[in-house]
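K.L.:
My questions are about this predicted structure, shown below with the sequence.
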Amino acid sequence: YLSQFIHTACCRVTYFAAKESLRGKVTIVTGASSGIGAGIAKYLAKQGCRLSLTGRKQDNLEAVAKETGLVESDILTTVGDIAKAEDRQNLIDRTMAKYGRIDVLVNNAGILQVSPLADVTEEHYDNIFNINLKAHVFLTKLAIPHLIETKGNIVNISSTGSCKPGTGEGIYSMSKVAMDMYTKVLALELGPKGVRVNSINPGFVPTDIFRRSNLDEASGGFEPDEMTKELTAATPLRRPGTPEQIGQVAAFLASDMAAFVTGEILFADGGWRL
Ligand SMILES: NC(=O)c1ccc[n+]([C@@H]2O[C@H](COP(=O)([O-])OP(=O)(O)OC[C@H]3O[C@@H](n4cnc5c(N)ncnc54)[C@H](OP(=O)(O)O)[C@@H]3O)[C@@H](O)[C@H]2O)c1
């Protein structure tokens, strides 16, 4: 009985230590001014992370920073366009100047545009690949030396679209397929250096991404309520996800609860991919 008691106590201590492992961790979240990124930022703040948030819209970014409830010493906002090399460098420089370390990088910023592949323009292709993929590849490159230093980790936000083809979503989904391979190769390369790399692939989460897309002109009138109804009906759990729920998965992957998890493509989609 005594040895069983000691074993249970040790398991509990390990569990709580892993759960508490995010306390004080310096975490960069891109696209934190809206939707899923804002949800991730607010949930990670509750777990005790110190945050470095970035996005383009200053007012929205400041509002999210306030909603985290963090004190000034634990929060930093940097306005910038992640597609621009100088803005990516500025984000890393400001984070290092304030905190002197980077523990977690959440590559979340993204855009959605739709077009049948037969009509797709180079501008459409470049916009999506520049933001959804290239910006994060090169932001990550800047963060890697600091993450190796802290034995930190990376959480990429991909999409269920990477495994499920959808009419009009070709280029967006292709950018997310590439993001999944990026996660796996980076996990292989950084694993020996003690850095884990994982992906969350959300299903339908009602955010501004749809309103900000070209769905309206592309489909001749975009009805958000209709879309919500359709996508919810196609989701086995029969409900959409929330930014906070994606934040919970990000917290798991970023924490020591996932200490043996790397190169994982984790679908948080209510079963939608099925
Ligand atoms: N919502 C879903 O159903 C869903 C499903 C699967 C995957 N995802 C993925 O989840 C991620 C977040 O999407 P969301 O739904 O939260 O969309 P959202 O509400 O539109 O938020 C997108 C965020 O990305 C930022 N962003 C976009 N372009 C940027 C740029 N050039 N430079 C800097 N920041 C930029 C936006 O910043 P500003 O607003 O300040 O410009 C905003 O903070 C995306 O990668 C998306 O592909 C979403």
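P.N.:
Done, it's in. Numbering: from 1, shown residues only.

K.L.:
The residue lying closest to Ala234 once chain neighbours are set aside and Ser175, how far apart?
P.N.:
Once flanking residues are discounted, Ala234 sits nearest to Trp272: 6.4 Å by Cβ to Cβ, 6 or more residues apart in numbering. C-beta here means a position set from N, CA and C on the backbone, and glycine is covered the same way. From Trp272 across to Ser175, the span is 19 Å (Cβ to Cβ, to the nearest Å).

K.L.:
how about the residues of this protein that lie near the ligand?
P.N.:
Within the chain, the positions near the ligand by Cβ under 6 Å from any ligand atom are 31, 33-37, 55-57, 60, 81-83, 108-111, 131, 157, 159, 202, 204-205, 207-209, 212.

K.L.:
Compare Trp272 and Ser175 and say which is more crowded by neighbours.
P.N.:
More neighbours surround Ser175 than the other of Trp272 and Ser175, with 25 against 22 (other Cβ atoms under 10 Å).

K.L.:
so who does that one touch?
P.N.:
Ile128, Phe129, Asn132, Leu133 (Cβ atoms under 8 Å, 6 or more residues apart in numbering).

K.L.:
May I have the biggest helix by length in the chain as CSV, with CA atoms only?
P.N.:
Assignment by DSSP state H gives helix 170-190 as the longest helix of the chain. C-alpha atoms of helix 170-190 as CSV (Å, rounded to 0.1, in the frame of the first residue of the first chain):
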residue,chain,number,x,y,z
GLY,A,170,-7.2,25.0,-53.2
ILE,A,171,-4.4,27.5,-52.6
TYR,A,172,-5.3,28.1,-49.0
SER,A,173,-5.3,24.3,-48.3
MET,A,174,-2.1,23.9,-50.3
SER,A,175,-0.4,26.5,-48.0
LYS,A,176,-1.6,24.4,-45.0
VAL,A,177,-0.4,21.1,-46.4
ALA,A,178,3.0,22.8,-46.8
MET,A,179,2.8,24.0,-43.2
ASP,A,180,2.2,20.4,-42.0
MET,A,181,5.3,19.2,-43.8
TYR,A,182,7.2,22.2,-42.4
THR,A,183,6.1,21.1,-38.9
LYS,A,184,7.3,17.5,-39.5
VAL,A,185,10.7,18.4,-41.1
LEU,A,186,11.4,21.1,-38.5
ALA,A,187,10.6,18.6,-35.7
LEU,A,188,13.1,16.2,-37.2
GLU,A,189,15.8,18.8,-37.5
LEU,A,190,15.3,20.5,-34.1
